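> Quick one, fold the following:
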Amino acid sequence: MNQEKIRVIVAKPGLDGHDRGAKVVARALRDAGMEVIYTGLRQTPEMIAEAALQEDVDAVGLSVLSGAHMALVPRVLELLAANGQGEVGLFLGGIIPDEDVPKLMAMGVAGVYGPGTSTIDIVQDIRNFVGQKK
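Now for the predicted structure:
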């Protein structure tokens with residue numbers, strides 16, 4: 001196989017300091033053969049977009065437990081587009097109210113995952129997204 005590895009950034013935007021879920025997902029993506037860059041806690045949207053540009057990623061995974069997703073996600077999407085990375089998939093995990101999911105998807109979020117989501121589903125969704133883009 002000489003297909004390129006899928007490159008994914010996993011980031012924790014905002015002031016939320018709980019990263020166990022993000023680390024579980026990052027490890028599952030890595031174990032599935034993806035190249036994963038974990039940016040750590042308390043990242044700004046600007047830091048995330050810059051890392052996505054520098055690392056030339058196929059997807060960005062955000063973990064938001066703070067409730068700030070409706071402020072953080074649009075900004076990350078805006079910055080990715082400004083960097084010419086509008087084709088990069090943005091995947092969101094965390095505590096996301098059901099009524100926000102359609103709004104997030106309409107903004108351009110590629111997938112939204114709540115607690116208990118199988119990492120197999122997340123891996124498959126990222127693979128499908130990247131496969132359709134290439």
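> how about low-confidence regions in this structure?
Applying pLDDT under 70 to the chain picks out residues 1-3.
> residues in contact with the most centrally placed residue in the chain?
Averaging the C-alpha coordinates of the chain gives a centre point, and the residue nearest to it by C-alpha atoms, centre = their mean is Gly61 (1.3 Å). Under the criterion of C-beta atoms under 8 Å, 6 or more residues apart in numbering, the neighbours of Gly61 are 8-11, 22, 25-26, 29, 91-93, 122, 126. C-betas here are computed from N, CA, C, even on glycine.
> Val57 too?
Going by C-beta under 8 Å, 6+ apart, Val57 touches Arg7, Val8, Ile9, Ile37, Val88.
> redo that, cut-off 7 Å
The neighbourhood of Val57, defined by C-beta atoms under 7 Å, 6 or more residues apart in numbering, consists of Arg7, Val8, Ile9, Val88.
> ok, now how distant is Pro45 from Arg7?
When C-beta to C-beta, to the nearest Å is the yardstick, Pro45 and Arg7 sit 19 Å from each other.
> quick one on the thing from earlier: can you flag which of the contacts of Gly61 belong to strands?
Those of the contacts of Gly61 mapping onto strands are Val8, Ile9, Val10, Ala11, Phe91, Leu92, Gly93, per DSSP state E.
> Out of the residues you listed, which end up buried?
When burial is judged by neighbour count using 16 or more other C-beta atoms under 10 Å, the buried members of those are Val8, Ile9, Val10, Ala11, Phe91, Leu92, Gly93.
> which other residues reach the helix or strand where Met47 lies?
Using DSSP states H and E, Met47 sits within helix 45-55. Defining contact as C-beta under 7 Å, 6+ apart, one finds that helix 45-55 is touched by 7, 9, 11, 13, 37, 39, 60, 72, 75-76, 79-80, 83, 85, 88.
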